[in-house]
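Visitor: Please find the sequence and the predicted model below.
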Amino acid sequence: MTKTVRVRGAVAGDTLRASEERFRTLIEKAPIAIGMARSGVTLYANPKYLEMYGFEKVEEVQGRSIGEQWAPECRGEIEERARRRAAGLPVPTEYEAVGQRKDGSTFPVHAAVTLVRLADGPCSLAFLTDITRQKTAEEELARSELYFRSLIENAVDITAILAPDGHLRYVSPSVERILGYRPGDISGLNIFDLVHPEDRERAAGLLKRLLETGTRFERIEFRIRHRDGSFRNLSMIGKPLPPETGMAGLILNAQDLTERLQLEAQLRQAQKMEAVGRLAGGVAHDFNNLLTVIQGYGEVLQSSLPEGDQKSAPVEEILKAAERAASLTRQLLAFSRKQVLQPKVVSLNEVVKNLDKMLRRLIGEDVELVISLGTALGSVKADPGQIEQVLMNLAVNARDAMPDGGRLTIEVANVDLDEASAERPGHPVPGSYVMLAVSDTGVGMNAETLSHLFEPFFTTKGPGKGTGLGLATVYGVVKQSGGYIWASSAPGSGTTFRIHLPRIDGEAAVTGPDRAADGRGGQETILVVEDEAAVRGIAVAALASRGYTVLEAGSSADGLALAERRPERIDLLLTDVIMPGVGGHEMAERMVACRPGLKVLFMSGYDAIASHGVLEPDFHLLKKPFTPSSLAREVRRVLDGAGAGGSP
């Protein structure tokens, strides 16, 4: 019996030792760090624990405070948890903290701690994992997420995620800049509630096809309602959400095309207006030659008729019709900026004051004229005659817009435009300007009319009541003078035209009526060079009848040859600018080089010798069409001028 008990005890002891050996082996071979502590003091650490903390022997940690294995900022909290755990109080069983190795370096640790009761008393068993790689991955993921979120949330275009039924799951912040909504305002809203009614069916079909086929569709354009009620043109491209997201739907990228489309429309409009301008310049020369012949012979015929002759009235009508045709040509040239300006440093205050009486007669008694002149006003460089024409055209338009009377206000003031205030139609350059504003209290215009306002031949007046060239002329004069013009209006609220001309330093010239030379003749010798025989005939006859000795040539080559053969003095060269072969300008240069005292008077129907439409001071120009009397006056003016004023 005693022997049996001894055998059983030995077997039990062997079994216990074997079990302890197995558990010790499991702990020491475990791939995770395991430590045991009691009352905040380390009792045991497995090899993985030693490796993780940089120790070589277990004796290096046994008997040491567990706080020493943690970074200073964590020690207090961990020691407090150990005390609470030993006292049986509730504490977290898992947490993350910062471990500290033997060499003082630190690393992130995940700890799982449990209280175990052993024969000699309770102790804490800790399972520790170095989570450096996990933390690095999390940080990289967070950086990547921040990077891509920054790309989306700071992008110019809109990024949106749609549910299959069209509801917005996500909208990037750029939606506020483009459409005026904050993301929270429209998240959850169905996108088709924002699509223009005319575009909804097409948009729904394309999005449905995208979901069904799972392929990327071509760029399409929708009109989307802005918060203010207007519609913006958005170009969208989209793709189904990737399957790994676990969600069905679409991701869309939307670009605002509204301004680009507006610029394209403005470009097309500018090209159309430029084409009309080229047409005007192209036909002006020949057309003005014809008008010169009509007006010239009309005036000759009129002067030959005795007073009271019954033919006088028809001739007068011919001359009036020719003048109206010439006026139309001038307006076309003004619009196309092919006219020749004779700019001076002027004060717009003086220009407006000089027109006061004429404007009051022009607009009638039922329209009140209010003039507000500028104080300390700067000067501008412009052709005063053309600016007067601009004012009269605008005044006529204002009068016609107030059939029952009203108020016409003309304001002159200095203005300074910065980059912000310069962002308006016409795109004025920031700088210092003198503003000329013309406002009426008339019927006003809608946006569609405003968009065509400066087009040639566009008019809202009835048949026979307007040519449609008045505002086109105004536009051309302002642009050719280096300025800007735009209009603001609304139905029933009148219209305001604002003209900004660059402000310059300089004393304004005194403006007033032009005292032209009379049409008396003289004894000088004049060489007329003109390739159009009828025009040449008018000029030769008009000058010869006034006592001048007149030489004539039908081309520049003939004119140069004639001047070379003739030893006698030639006082004035009267020449057309545009001629086959050598032009009038080149011919004049060559002739003046041989005859230093020669004066030159050019004839032209449009801007053929001016630099950017501005006549150089030393040039004299007779604009076609002209009459015999206007030719005689201009010839006399040039001949009587001081010095070789016609020298090219």
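Guide: Good, I have the coordinates.
Visitor: Using PDB, write down the CA coordinates of the helix or strand containing A539.
Guide: Per DSSP states H and E, A539 falls inside helix 533-544. C-alpha atoms of helix 533-544 as PDB (Å, rounded to 0.1, in the frame of the first residue of the first chain):
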ATOM      1  CA  ALA A 533     -10.100 108.900-114.100                       C
ATOM      2  CA  ALA A 534     -13.500 110.300-113.000                       C
ATOM      3  CA  VAL A 535     -12.100 111.400-109.600                       C
ATOM      4  CA  ARG A 536      -9.000 112.900-111.200                       C
ATOM      5  CA  GLY A 537     -11.300 114.800-113.700                       C
ATOM      6  CA  ILE A 538     -13.300 116.300-110.900                       C
ATOM      7  CA  ALA A 539     -10.100 117.400-109.000                       C
ATOM      8  CA  VAL A 540      -8.400 118.800-112.100                       C
ATOM      9  CA  ALA A 541     -11.500 120.700-113.200                       C
ATOM     10  CA  ALA A 542     -12.200 122.200-109.700                       C
ATOM     11  CA  LEU A 543      -8.600 123.400-109.300                       C
ATOM     12  CA  ALA A 544      -8.200 124.700-112.900                       C
END
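Visitor: Give me the helices and strands touching it, please.
Guide: helix 258-304, strand 525-529, strand 549-553, strand 572-576, helix 628-640 (3 or more Cβ pairs under 8 Å, 6 or more residues apart in numbering; DSSP states H and E). For the C-beta atoms, the positions are set from N, CA and C on the backbone; glycine is no exception.
Visitor: and the last one, what other elements does it pack with?
Guide: When you say that, I think you mean helix 628-640. helix 258-304, helix 533-544, strand 572-576, strand 599-604, strand 621-623.
Visitor: now do 7 Å
Guide: helix 258-304, helix 533-544, strand 572-576, strand 599-604 (3 or more Cβ pairs under 7 Å, 6 or more residues apart in numbering; DSSP states H and E).
Visitor: what comes up buried for it?
Guide: P628, S630, L631, A632, R633, E634, V635, R636, R637, V638, L639 (16 or more other Cβ atoms under 10 Å).
Visitor: what distance separates stretch 473-482 from the centre of its chain?
Guide: 21 Å (Cα atoms, centre = their mean, to the nearest Å).
Visitor: three-state assignment of P567?
Guide: coil (DSSP: H, G, I helix; E, B strand; the rest coil).
Visitor: tally of neighbours for it?
Guide: P567 sits with 5 neighbouring residues when counted by other Cβ atoms under 10 Å.
Visitor: who touches the helix holding A539?
Guide: 289, 292-293, 296-297, 526, 528, 530, 550, 552, 554, 574, 628, 631-632, 635 (Cβ atoms under 7 Å, 6 or more residues apart in numbering).
Visitor: quick one on the thing from earlier: ok, which of the helices and strands packed on helix 628-640 comes nearest H500?
Guide: Of all these, helix 258-304 sits nearest to H500, with 18.8 Å by Cβ to Cβ.
Visitor: Spatially nearest residue to S105, not counting backbone neighbours?
Guide: Distances taken as Cβ to Cβ, 6 or more residues apart in numbering put G54 closest to S105, at 8.0 Å, once the chain neighbours are dropped.
Visitor: picking up where we left off before, mean pLDDT lowest where, among the helices and strands packed on helix 533-544?
Guide: Looking at those, the lowest mean pLDDT belongs to helix 258-304 (a mean of 74).
Visitor: The stretch 51-200 of the chain: helices as residue ranges?
Guide: In the stretch 51-200 of the chain, the helices defined using DSSP state H, counting those that start in this stretch lie at 72-86, 132-153, 174-179, 183-186, 200-213.
Visitor: again with the stretch 351-500 of the chain
Guide: 384-400, 447-451, 470-480.
Visitor: Redo these as a markdown table? Include mean neighbour count.
Guide: Shown next, in a markdown table, are the helices of the stretch 351-500 of the chain (neighbours: other Cβ atoms under 10 Å):
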| stretch | mean neighbour count |
| --- | --- |
| helix 384-400 | 21 |
| helix 447-451 | 13 |
| helix 470-480 | 25 |
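Visitor: Could you export these as TSV, including distance to R38?
Guide: Listed next are the helices of the stretch 351-500 of the chain as TSV, based on distance: least, Cβ to Cβ, whole Å:
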stretch	distance to R38
helix 384-400	101
helix 447-451	87
helix 470-480	95
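Visitor: Of all those, which one comes closest to L168?
Guide: helix 447-451 (30.8 Å).
Visitor: Relative to the whole chain's centre, how far out is the closest one?
Guide: Distance, centroid of helix 447-451 to centroid of chain: 19 Å (Cα atoms, centre = their mean).
Visitor: how about that helix as PDB, C-alpha atoms only?
Guide: Taking C-alpha atoms only, helix 447-451 is exported to PDB below (Å, rounded to 0.1, in the frame of the first residue of the first chain):
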ATOM      1  CA  ALA A 447     -30.000  91.100 -71.700                       C
ATOM      2  CA  GLU A 448     -30.500  89.800 -75.200                       C
ATOM      3  CA  THR A 449     -30.600  93.300 -76.700                       C
ATOM      4  CA  LEU A 450     -27.500  94.300 -74.700                       C
ATOM      5  CA  SER A 451     -25.500  91.400 -76.100                       C
END
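Visitor: Let me know the average pLDDT across it.
Guide: Here the average pLDDT along helix 447-451 is 80.
Visitor: What's the separation between the nearest residue to E532 once chain neighbours are set aside and V577?
Guide: Spatial nearest neighbour of E532, chain neighbours left out: N289 (4.7 Å); criterion: Cβ to Cβ, 6+ apart. To V577, N289 is 12 Å away according to Cβ to Cβ, to the nearest Å.
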